[in-house]
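**Student:** got a predicted model here, sequence first, then my questions.
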Amino acid sequence: MTIDEMREKLKLALTEKRYNHSIGVMQTAVELARIYGADAKKTAVAALLHDCAKNYSKSEMLELCERYNVELDPISKESTGLIHGFLGAVIADKYYGVKDSEIYDAIYYHTVGKPNMNLITKIIYIADGIEPNRNYEGVERIRETAFEDIDRALILQIDSTLKSVISRGGLIHTNTIDTRNFYLKKLR
Ligand SMILES: [Fe+2]
Ligand SMILES: [Fe+2]
């Protein structure tokens, strides 16, 4: 499938807002790929498809996870917002024909993070939070930092996510904590 064909298919699978977000993530991710030397095409595909499983209902998500043997940890089972990353990695393979382990990882970990993530995964994680449609307190600083020091931007973004999850009373995935600790130690 070409990337234009993926775009057409994705457009039918997402709301207009989520589709525009995906295009924004793709633009930002490709800029970051250029700066940090990641494969532009792979980064574009990962960014475009990162939220491809976002529009399913909770029951559809759980059914698809069962069908495709996507194992869910206890936190993810309780927190539907996290499932679309794990499921999306499989949907990109099954529905969009993407057979690439780096793209798989980038989609799989885009919601919870992962210590020592590969460059494309890191770029998608950051681009998801700073694409042009994103507008929340502190986004400008993360945006600027992303183009100067991607690891530092990662920590800023995780901090911002944690604050927002805590303020909503949500569960925090252990991967996110492990990721933050990993990059904090790396920067010391
Ligand atoms: Fe997402
Ligand atoms: Fe997203």
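**Tutor:** In hand now; what should we look at? Numbers count the residues shown, from 1 in each chain. Ligands and ions are numbered 1, 2, ... in the order given.
**Student:** can you count the residues close to Thr179?
**Tutor:** Thr179 is flanked by 23 other residues according to other Cβ atoms under 10 Å. C-beta: built from backbone N, CA, C; applies to glycine.
**Student:** OK, contacts around it?
**Tutor:** Contact analysis of Thr179 by Cβ atoms under 8 Å, 6 or more residues apart in numbering lists Val112, Gly113, Lys114, Pro115, Met117, Leu154, Ile158.
**Student:** ok, now Asn55?
**Tutor:** Asn55 touches Ala13, Leu14, Thr15, Arg18, counting by Cβ under 8 Å, 6+ apart.
**Student:** again, only this time at 6 Å
**Tutor:** Leu14 (Cβ atoms under 6 Å, 6 or more residues apart in numbering).
**Student:** also Val25?
**Tutor:** So Val25 contacts Ala47, Ala127, Asp128, Glu131 (Cβ under 6 Å, 6+ apart).
**Student:** contact residues of the chain facing ligand 2?
**Tutor:** The chain has residues Asp51, Asp128 near ligand 2, with proximity defined as Cβ under 5 Å from the ion.
**Student:** quick one: classify the residue most central in space within the chain as helix, strand or coil.
**Tutor:** By Cα atoms, centre = their mean, the chain has its centre lying nearest to His110, at 2.6 Å. The local conformation at His110, judged by DSSP: H, G, I helix; E, B strand; the rest coil, is coil.
**Student:** got a list of what it touches?
**Tutor:** By Cβ under 6 Å, 6+ apart, the neighbours of His110 are His50, Gly85, Ile124, Tyr125, Asp128.
**Student:** the residues you listed in helices, which ones?
**Tutor:** With DSSP state H as the criterion, helices contain Gly85, Ile124, Tyr125, Asp128 from among the contacts of His110.
**Student:** need the helix or strand of this protein with the lowest average pLDDT.
**Tutor:** Here the helix or strand of the chain ranked lowest by mean pLDDT, DSSP states H and E is helix 74-78, holding a mean of 92.
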